[in-house]
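Asks: Prediction below, plus the sequence it came from.
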Amino acid sequence: MIHSQAPTATRAPIEADVPGSALKPMARAGTMLRIAEIFGPTIQGEGALIGEPTVFVRAGGCDYRCSWCDSLHAVDSRFRESWAPMTTSQIWQDVTRLSGGQPLTISLSGGNPAIQNFAPLIAKGKAEGYRFACETQGSIRQPWFADLDTLVLSPKPPSSGHRVDWQKFDHCLSAAKGCGQVVVKIVIFDDRDYDWARAVAKRLPDLPLYLQPGNPEVDPDVAVDLVAATERLHWLIEKVTGDLWFAPRVLPQLHVLVWGNKRGV
Ligand SMILES: C[S@@+](CC[C@H](N)C(=O)[O-])C[C@H]1O[C@@H](n2cnc3c(N)ncnc32)[C@H](O)[C@@H]1O
Ligand SMILES: Nc1nc2[nH]cc(C(=O)O)c2c(=O)[nH]1
Ligand code: SF4
Ligand SMILES: [Mg+2]
């Protein structure tokens, strides 16, 4: 798997270096983006686009700290020195190198990519025939949501330790008007998360809903127990079918089944 190299240029100041500006949305075009990693091509392992060849652009920085986050290297400020400040052109160079110049889906993930301004990257990529998806928790809206092909909103269940601010979530939905498709993906660790997901589905009846079992082992150096992962999927399928709940699709994290918790895949 090819990884993006951090640019060799001296580290340029980025907006979050300015005191008081950390985690505020970066709205100005032309600012550096904090990028934790760029990798691919791989397959999208989760949700609506599962199996689709994809290059991932993972933004550094998140306004949440989910108890079970599998991408802490893009969240925890302990890792911020490893986040490369990159211009849109530098990101684009990496994406085109990884994709061999062939248009495919670029997934913006993180961290929370909605902290930063990806509008210029999306405009550049779309002009060359690439498609864009974005994974975000729905806590920060961005005007560029409207330019995406797919917006994946992933509100966090009780086990995450966060409480969803539904007003902010609704703002994200409004910002996404014009986007190709908006889907909801919920991670389920336990019965409480499951009951919460059922309530969310009632609140958002018109959006396609994807459920995935939570992965409790997120250390990249620890092998994933595939039997246990299959049991968690089995448990979730039985819950959904046992309740005759036919709205959601239940999916595993395909990349975890194939590569475990390895990064950059
Ligand atoms: C790492 S997050 C980054 C994007 C954004 N911050 C978010 O949470 O939607 C990408 C996806 O991974 C999911 N995820 C994170 N940790 C997980 C875990 N331990 N098990 C299953 N899914 C997980 C999140 O819920 C989200 O849907
Ligand atoms: N293959 C693959 N699929 C993914 N779907 C969501 C991911 C993420 O971490 O955002 C992810 C990821 O890191 N790798
Ligand atoms: S919102 Fe996403 S990236 Fe942020 S801590 Fe939660 S799972 Fe991790
Ligand atoms: Mg992940």
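Replies: That came through, no problem. Please read all numbers here as calculations on a predicted model, not as lab measurements. Ligands and ions are numbered 1, 2, ... in the order given.

Asks: show me what contacts the closest residue to residue 150 other than its chain neighbours?
Replies: Nearest residue to residue 150, sequence neighbours excluded (C-beta to C-beta, 6 or more residues apart in numbering): residue 133, at 4.0 Å. C-betas here are computed from N, CA, C, even on glycine. Neighbouring residues of residue 133 by C-beta atoms under 8 Å, 6 or more residues apart in numbering: 44, 49, 54, 105-108, 148-152.

Asks: what's the farthest-apart pair in those?
Replies: Farthest-apart pair in the contacts of residue 133 is 54 and 151; separation 15.0 Å (C-beta to C-beta).

Asks: Same drill for these two, tell me which one is more crowded.
Replies: Legend: neighbour count by other C-beta atoms under 10 Å for residue 54 and residue 151, higher for residue 151 (28 against 21).

Asks: Residue 181 is in contact with the more buried one, correct?
Replies: Yes: counting by C-beta atoms under 8 Å, residue 181 is a contact partner of residue 151 at 7.5 Å.

Asks: Would you map the strands across the stretch 1-150 of the chain?
Replies: Ranges of strands in the stretch 1-150 of the chain, per DSSP state E, counting those that start in this stretch, are 33-43, 53-59, 84-86, 105-109, 131-136, 150-153.

Asks: got the angle between the fourth one and strand 131-136?
Replies: Our comparison of strand 105-109 with strand 131-136, counting by axes from the mean of the first three to the mean of the last three C-alpha atoms, to 10 degrees, yields an angle of 20 degrees.

Asks: Please name every helix or strand in contact with strand 105-109.
Replies: strand 53-59, strand 131-136 (3 or more C-beta pairs under 8 Å, 6 or more residues apart in numbering; DSSP states H and E).

Asks: Whether it contacts ligand 1 - can you check?
Replies: Yes: Strand 105-109 is in contact with ligand 1 by C-beta under 6 Å from any ligand atom, via residue 109.

Asks: now do the longest one
Replies: No: shown here: strand 33-43 not in contact with ligand 1 (C-beta under 6 Å from any ligand atom), separated by at least 10.2 Å.

Asks: Same question for that strand: list its buried residues.
Replies: Neighbour-count burial for strand 33-43 flags 33-42 (criterion: 16 or more other C-beta atoms under 10 Å).

Asks: can you check the fourth one too?
Replies: Residues 105-109 are the ones in strand 105-109 that count as buried (16+ other C-beta under 10 Å).
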